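K.L.:
Build the 3D model from these lines:
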Amino acid sequence: MAITRTITEIDDICYTPAVELTAALRRKEISSAELTEALLGRIQRVNPAVNAFVTVLAEQAIEQARDADQRRVTGDPDELGTLHGMPVTVKDLTPTAGVRTTFGHPAFKDHVPDEDGVIWARLKAAGAILLGKTATPAFGEHSVTESEVHGVTNNPWDLTRTVGGSSGGAAASVAAGMGSLATGSDGGGSIRVPSALCGVVGLKASRGRIPQGGDDSPLDQVTVVGPITRTVRDSALMLNVVAGPDPFEMFAIQETGFDYLTALDGASVAGLRVAYSPDLGAPPIEEQVREVVRQAALVFGDALGAHVDEIAISLPDPLDYFFDWWGPQAVMILEDLQAGGAVSGPDPLHEPLVDHARRMTAVDYARVQFQHREGIHRAFAQVFLDHDLLIWPTTPMAAFPHPGEAGGPTSVAGQQVRFPPLQNQRYTEAISHAGYPAITVPAGWTDDGLPVGLQIAGRHAADAAVLTAAAAFEGAQPWSSRRPEL
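P.N.:
Residues are numbered from 1 along each chain as shown. You can find the predicted model right below:
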C-alpha cells in the first residue's frame, strides 16, 4: 500500500469521525485513496477476529477512491457530493447493483442484484465509496448475527460475546474502526440492539423519513433503514444524505432539505421535560445496566438542565406481541422461500414462531394490527403529551456470551426467560411499532468493560430533537475516543 504512516497513525485515521474526514477530504488534507487504504488495512488486520464482513470490495474501492481524488482535482467542487470519496459499508440485506447481496442465506450466496436499495443509491449519489457488505443473520430474522454464509460475528469489546442482531456486522465494523459510516435496518431493534452492545450510535428514524426501497415492502409501517456510526454528528451527516420522500414510499415524510447536522450546533436540552423509564415496564434487567442508565438520567437533569421525571408505562408483553405481529409474516416468507426451493422448512429457532402463527385466526391477526398496535401507539403518545423526550435502556443486558443453539441468553438478572432469542429486543420492539424516532447512544460501561446503551425517543417526526438530545448527552459524557483492544 502507498501509505507511509505508522499503524497507530492509520488507526487514528480509521477512528476519526466521518464529519472530520469529509472536511479533510474537501480541504485535500487527506486523499480518498489514502483513507480507503487505511480502512482496508484495518479490515485486513482485525476483521479475521471480529468477522463483521460478508464481502470486502478492496480492488473496486481503491479504484473508485482514486477516481474520486482525480475528480476532486479536475472537477467543479460545487458539483461534488457531500460524501465525495468517503468510504461506507452497507448491510447485506440492502441490494447493491453489481455487488453480491446474500441476505445472510446460503441460497443467495451468489446473488447479484441489478438495482440498488434506496439508502445505498442515495449514499452513492452523494459520492460515497462502498467498502463492503456487512454481516446479517438470514433475512435479518435473528437477534444475534450468525449465519451459514459468514459464520459468527464477534463483539469487538469481548470476542467471546455476541454483537446482537440483525445489523451486527455493521455495528461491529464501526466499533472496531473498520469504517465510520454504516447502514443497518431495524424492525424490532436491529439497528439499536447491536449498536448498544457494540458501544456505537444507532438511529431508528421516524417511519417514512428514509425510504425502504429494495429493503422491504413499502406497506411495512414498522421496519426502517438508517445509520450506524461512532458519533451522533456522523448519524446526522448520513441522515442529511439519505432522508427524503420517494415516489414508491407510501408513508414517506414529505419534508426535504432539512440540515440535521447544522441543527446540532450548540445542542441543548435545557428546560425540556424528559420522561425516564428504568425498564419500560418489562423486567428483568441486569442491575449494572439499570444503574448505568439511571446515572445517564441524572446527567440529563443535573448536567444538562432538563426536567427529568421517572414514569411508568403500560405496554403489551413484548414477547407475546412479537409472536403475534411477526409470526404471520414469518410464515409468509417461509412459504415463499419453500415455493422457490430455497428452504425445506423453518429454522429450528423459528419453529415456535411459525407454529404459533399457524394457530392464529384472521381475527387474531386483525386484532393485533388494529387494537394491540394502537395500544402501543397510545401509550407512547400519552408520554409525549407532557414530555418532550423519553429515555430508557436500549437492552436489558450488556453483550452476552455467544448463545449457540439457545439463540439468546437463557436467563437475565438471574431469572429464567421464556424465549431466549428475543431477550435483547424487549426494550426496542414497541417504539418501532409506534413509528416514533429513537436513537441509542453509549451511556457507560459495565465492570467488565462492556458498553451499555441509552435509548432516546421523541414525538412523531421529531428526528432533529432526538439527535439534538443525543448530541447534548454525548457532549456531557463523551465516549467516541474509547476503543476496544483488538
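K.L.:
Going by C-alpha atoms from here, please, whenever you check contacts or count neighbours.
P.N.:
OK.
K.L.:
For the stretch 151-300 of the chain, which segments are assigned as strands?
P.N.:
151-152, 181-186, 201-204, 224-229, 273-276 (DSSP state E, counting those that start in this stretch).
K.L.:
now, of those, which is deepest in the fold?
P.N.:
Of all the strands of the stretch 151-300 of the chain, strand 201-204 has the most neighbours on average by mean count of other Cα atoms under 10 Å, namely a mean of 33.
K.L.:
Okay, now the sheet partners of it, with direction.
P.N.:
In the sheet, strand 201-204 lines up against strand 224-229 (antiparallel), strand 438-445 (antiparallel) (DSSP bridges).
K.L.:
Dump the strands of the stretch 151-300 of the chain to TSV, plus distance to Ala306 and mean pLDDT.
P.N.:
Output for the strands of the stretch 151-300 of the chain, formatted as TSV (distance: least, Cα to Cα, whole Å; pLDDT from 0 to 100):
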stretch	distance to Ala306	mean pLDDT
strand 151-152	41	98
strand 181-186	29	98
strand 201-204	22	98
strand 224-229	26	97
strand 273-276	6	98
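K.L.:
who wins for proximity to Phe384 among those?
P.N.:
strand 273-276 (8.6 Å; Cα to Cα).
K.L.:
Can you show me the CA trace of that closest one as CSV?
P.N.:
Presented in CSV, the C-alpha positions along strand 273-276 are these (Å, rounded to 0.1, in the frame of the first residue of the first chain):
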residue,chain,number,x,y,z
ARG,A,273,-39.3,17.7,30.1
VAL,A,274,-37.7,14.3,29.9
ALA,A,275,-39.5,11.1,30.9
TYR,A,276,-37.3,8.3,32.2
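K.L.:
Give the burial count for Gln254, as a bare number.
P.N.:
11 (other Cα atoms under 10 Å).
K.L.:
For the residue nearest to Ala125 when sequence neighbours are not counted, give me phi and psi.
P.N.:
Ranked by Cα to Cα, 6 or more residues apart in numbering and with sequence neighbours excluded, the top spatial neighbour of Ala125 is Gly81, at 7.1 Å. With angles defined as degrees, to the nearest 10, Gly81 sits at phi -70, psi 170.
K.L.:
Please name the residues that touch Gly81.
P.N.:
Ala125, Ala126, Gly127 (Cα atoms under 8 Å, 6 or more residues apart in numbering).
K.L.:
got a list of what the residue nearest to the last one when sequence neighbours are not counted touches?
P.N.:
The shortest distance from Gly127 to any non-neighbouring residue, by Cα to Cα, 6+ apart, is to His84 (3.8 Å). Taking Cα under 8 Å, 6+ apart as the contact definition, His84 lies against Thr22, Ala68, Ala126, Gly127, Ala128, Ile129.
K.L.:
so which of these is the most crowded?
P.N.:
Ile129 leads the contacts of His84 on contacts (other Cα under 10 Å) with 27 neighbours.
K.L.:
And that one, how close does it get to Gly179?
P.N.:
Using Cα to Cα, to the nearest Å, we find Ile129 at a distance of 11 Å from Gly179.
K.L.:
likewise Gly127?
P.N.:
Counting by Cα to Cα, the separation of Gly127 from Gly179 is 16 Å.
K.L.:
Leu353 now?
P.N.:
For Leu353, the distance to Gly179 (Cα to Cα) stands at 35 Å.
K.L.:
Give me the more crowded residue out of the two.
P.N.:
Gly179 (33 against 19).
K.L.:
Just want the most central residue of this structure.
P.N.:
Nearest residue to the geometric centre of the chain (Cα atoms, centre = their mean): Ile191, 2.1 Å.
K.L.:
Let me see the confidence value for that residue.
P.N.:
Model confidence at Ile191, given as pLDDT, is 98.
K.L.:
now Asp215
P.N.:
For Asp215, the model assigns a pLDDT of 58.
K.L.:
before we move on, what about Pro218?
P.N.:
On the pLDDT scale, Pro218 gets 50.
K.L.:
where does the chain dip in pLDDT?
P.N.:
For the chain, the stretches with pLDDT under 70 are 1-4, 214-219.
K.L.:
quick one, what contacts Ala275?
P.N.:
By Cα under 8 Å, 6+ apart, Ala275 lies in contact with Val308, Asp309, Glu310, Ile311, Val383, His387, Asp388, Leu389, Leu390, Ile391.
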